[in-house]
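>>> only geometry, no sequence info:
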């Protein structure tokens with residue numbers, strides 16, 4: 001099982017806790033043996049001196065067993081938490097490395113379920129389940145051996161039912177696994193519906209869809225209920241059966257051993273010892289069904305976790321990748337094809353050059369590939385064919401970190417973290433001095449509202465996703481965040497769409513200063529924003545239809561004339 005790989009760093013801890021577990025079980029097994037000695041000593045013997053010694057030994061064994069159990073619980077508990085930590089850390093680190101394409105295909109709720117519910121199932125199994133299994137196996141093996149020492153005939157009688165228990169346990173394992181896997185998947189669906197409803201609560205309330213979303217959540221919860229009920233029905237059938245079969249063995253032993261005591265072929269003490277030892281076998285055999293169910297649940301959860309961990313890093317540093325070479329920010333697309341899905345190209349045979357320090361605006365109808373084209377520069381996606389060059393280096397041959405530190409991306413819907421304004425602006429450069437943060441905020445026309453409107457200025461903690469700020473305020477903080485890293489290339493993806501005309505004019509004034517001498521790609525649908533560009537490229541059906549200045553395109557491009565005539569308000573949006 002691949003899950004066991006996470007136990008490798010804790011082999012010593014696992015070994016010690018297993019030894020402690022085995023020791024505690026052996027101590028527990030010795031108690032019935034000593035009880036048998038006590039009973040035989042009391043049988044017709046008036047001297048209790050030896051008996052007191054045996055009783056003292058029983059108490060000592062109890063203390064030793066308690067100490068061993070304490071040590072085992074402390075070690076296995078720490079081990080379980082450490083394994084969970086390692087798995088969560090590995091999962092989170094891998095999620096951060098995965099490309100945008102993976103997140104385009106995945107639901108947030110499903111990913112959150114894997115990082116919480118599934119991990120907890122695995123943690124309990126690896127931290128405790130394996131130890132319990134070792135305990136039970138040792139108990140079964142040692143007790144069975146001791147039973148044969150006392151009476152091989154009775155041992156055969158008591159263990160005759162074992163093959164039936166093994167067959168039933170295997171059957172339970174086979175039928176429970178698919179159901180428990182479906183339960184884990186449906187739990188993730190519940191998380192997805194809940195997460196979407198919470199994040200999108202403003203939309204839900206705006207359209208009065210509380211009742212419909214509640215019904216969707218109820219349907220998802222009903223699916224979990226039905227599948228869990230099916231799993232419980234299986235458990236209700238198999239676990240009692242696995243508990244009942246050992247009782248048959250006990251009944252048979254009582255019948256045979258009772259006659260042996262009456263016949264004098266077995267002492268009373270041996271009878272009690274044998275029966276007490278047999279009773280110790282009942283719990284491990286009864287727990288067999290529970291352990292199988294727990295193992296199946298952990299296996300199902302582990303499969304879902306490894307589905308993410310096995311997801312390839314579509315955008316990874318190549319062997320021998322070097323830092324992005326120094327340069328002024330020259331960008332070139334050479335014969336670029338790209339598609340989000342095989343066989344469906346969004347961009348086709350794109351040849352485009354953006355000289356260093358120049359500003360190019362990308363415009364076109366919805367779905368023409370403007371945002372996609374810009375996203376290829378920081379290598380958010382891998383080109384299907386062709387090359388994207390930054391200062392002469394193929395972006396696939398340079399280290400992603402060095403590439404993206406030189407590209408400031410400002411999107412239409414900026415994401416802000418639930419942290420202070422300063423921490424959000426300094427996200428890409430956490431150690432930046434306050435003066436640099438303030439300078440970036442001033443350039444983005446954000447400084448005034450930060451110090452005048454926010455209660456604690458730059459130390460004001462904003463709500464999740466910046467919900468406590470207006471759209472224009474969020475956008476200006478996002479612009480400041482991009483400016484702080486001083487990138488050689490700026491990508492403005494409809495960056496002023498969420499602000500009013502007055503604020504946009506102030507932001508443009510700041511951006512003009514920042515853009516001077518810096519390569520900039522603008523995606524916009526406002527003529528006022530496009531006017532900031534040195535040149536304009538018109539995209540249509542994934543290709544460059546026309547390129548030139550605004551005056552040149554008005555004279556030569558029918559599509560640009562149409563766009564210009566409608567003020568870029570109807571047919572064109574950032575896409």
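Here it is on my side, so go on. As the structure is a prediction and not an experimental result, all values here were calculated from the model.

>>> counting residues per helix, which one in the protein is longest?
helix 210-263 (DSSP state H).

>>> Now do that one: distance to the chain's middle.
When C-alpha coordinates are averaged (Cα atoms, centre = their mean, to the nearest Å), helix 210-263 and its chain have centres 32 Å apart.

>>> any idea of the mean pLDDT for it?
Averaged across helix 210-263, pLDDT comes to 81.

>>> Then stretch 546-564?
Average pLDDT, stretch 546-564: 82.

>>> Compute the first-to-last residue distance for that stretch.
14 Å (Cα to Cα, to the nearest Å).

>>> So which residues make contact with it?
Outside stretch 546-564, the residues that touch it by Cβ atoms under 8 Å, 6 or more residues apart in numbering are 352, 363-364, 527, 530-531, 534-538, 540, 545, 571-572. To be clear about C-beta, it is placed using only N, CA and C from the backbone, and glycine gets the same treatment.

>>> try 10 Å
352-353, 360-361, 363-365, 368, 525, 527, 530-531, 533-540, 545, 565, 569-572 (Cβ atoms under 10 Å, 6 or more residues apart in numbering).

>>> can you tell me which of those are in helices?
Using DSSP H, the subset of the contacts of stretch 546-564 located in helices is 527, 530, 565.

>>> just the buried members of those residues?
The neighbour-count test (16 or more other Cβ atoms under 10 Å) marks residue 530 as buried among the ones in helices among the contacts of stretch 546-564.

>>> and the residue lying closest to residue 132 once chain neighbours are set aside, what is it in contact with?
Leaving out its chain neighbours, the residue that sits closest to residue 132 by Cβ to Cβ, 6 or more residues apart in numbering is residue 291, at 6.5 Å. Going by Cβ under 10 Å, 6+ apart, residue 291 touches 125, 129-130, 132-133, 136, 169, 173, 284.

>>> on that earlier part again, narrow the contacts of stretch 546-564 to those in strands?
Judged by DSSP state E, those include 352-353, 360-361, 363-364, 535-540, 545 as members of strands.

>>> Which residue in those residues has the weakest pLDDT?
Comparing these by pLDDT, residue 364 comes last, at 82.

>>> Spell out the residue ranges of the helices in the stretch 451-575 of the chain.
Secondary structure of the stretch 451-575 of the chain (DSSP state H, counting those that start in this stretch): helices at 471-484, 501-515, 527-530, 550-556, 558-565.

>>> low-confidence ranges in the stretch 251-400 of the chain?
285-290, 292-293 (pLDDT under 70).

>>> Swap in 80 and give it another go.
By pLDDT under 80, the weakly predicted segments of the stretch 251-400 of the chain are 264, 279-300, 313-314, 342-343, 365-367.

>>> Tell me where it has helices.
268-309, 370-375, 400-404.

>>> Adding distance to residue 84, write those out as a markdown table.
Output for the helices of the stretch 251-400 of the chain, formatted as a markdown table (distance: least, Cβ to Cβ, whole Å):
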| stretch | distance to residue 84 |
| --- | --- |
| helix 268-309 | 11 |
| helix 370-375 | 35 |
| helix 400-404 | 29 |
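
>>> For the nearest residue to residue 456 once chain neighbours are set aside, what are phi and psi?
Closest residue to residue 456 apart from its sequence neighbours, by Cβ to Cβ, 6+ apart: residue 420 at 8.0 Å. Dihedral pair for residue 420: phi -70, psi 160, per degrees, to the nearest 10.

>>> What score does residue 420 have for pLDDT?
Model confidence at residue 420, given as pLDDT, is 90.

>>> One more: residue 198?
68.

>>> Equivalent analysis for residue 574, please.
Note for residue 574: predicted pLDDT of 35.

>>> ok, now residue 45?
So residue 45 comes in at 61 (pLDDT).

>>> Distance check, the one residue sitting closest to the centre of the chain against residue 84.
Centroid-nearest residue in the chain, with Cα atoms, centre = their mean: residue 115, separated by 3.4 Å. Distance, residue 115 to residue 84, using Cβ to Cβ, to the nearest Å: 11 Å.

>>> now the strands: where do they sit in the stretch 351-500 of the chain?
Secondary structure of the stretch 351-500 of the chain (DSSP state E, counting those that start in this stretch): strands located at 359-364, 385-390, 393-394, 407-410, 489-493.

>>> Adjacent strands (with direction) for the fourth one?
So that's strand 407-410. Using DSSP bridges, strand 407-410 pairs in its sheet with strand 489-493 (parallel).

>>> chain center to the strand it pairs with, what's the gap?
31 Å.

>>> Outline the domain layout of the protein.
By the assignment in automatic domain parsing, the chain contains the domains 2-309, 324-406+489-501+519-575, 414-486.

>>> Compute the first-to-last residue distance for the first one.
Spelled out, that is domain 2-309. One end of domain 2-309 to the other measures 11 Å (Cα to Cα).

>>> will you turn the strands of the stretch 351-500 of the chain into JSON lines that also has mean neighbour count?
Shown next, in JSON lines, are these (neighbours: other Cβ atoms under 10 Å):
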{"stretch": "strand 359-364", "mean neighbour count": "24"}
{"stretch": "strand 385-390", "mean neighbour count": "18"}
{"stretch": "strand 393-394", "mean neighbour count": "16"}
{"stretch": "strand 407-410", "mean neighbour count": "24"}
{"stretch": "strand 489-493", "mean neighbour count": "24"}
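
>>> so which of the ones you listed gets nearest residue 267?
Counting by Cβ to Cβ, residue 267 lies closest to strand 407-410 out of the strands of the stretch 351-500 of the chain; the figure is 84.9 Å.

>>> Contacts for that closest one next, please.
324, 329, 331, 374-375, 377-380, 390, 395, 428, 444, 475-476, 478-496, 511, 514, 518-521.

>>> what about 7 Å?
377-378, 478-479, 482-483, 485, 487, 489-493, 495 (Cβ atoms under 7 Å, 6 or more residues apart in numbering).

>>> cool, stretch 302-312 as well?
2-3, 87, 90-91, 94-95, 98, 102, 114, 118-119, 122, 181, 184.

>>> Touching, the residue nearest to the centre of the chain and residue 90? I think so.
No - counting by Cβ atoms under 7 Å, residue 115 sits too far from residue 90 to count as a contact (10.7 Å).

>>> For residue 197, which non-adjacent residue is spatially closest?
Nearest residue to residue 197, sequence neighbours excluded (Cβ to Cβ, 6+ apart): residue 213, at 4.9 Å.

>>> roughly how far is the host helix or strand of residue 175 from the heart of the chain?
Using DSSP states H and E, residue 175 maps to helix 162-199. Relative to its parent chain, helix 162-199 has a centroid offset of 18 Å by Cα atoms, centre = their mean.
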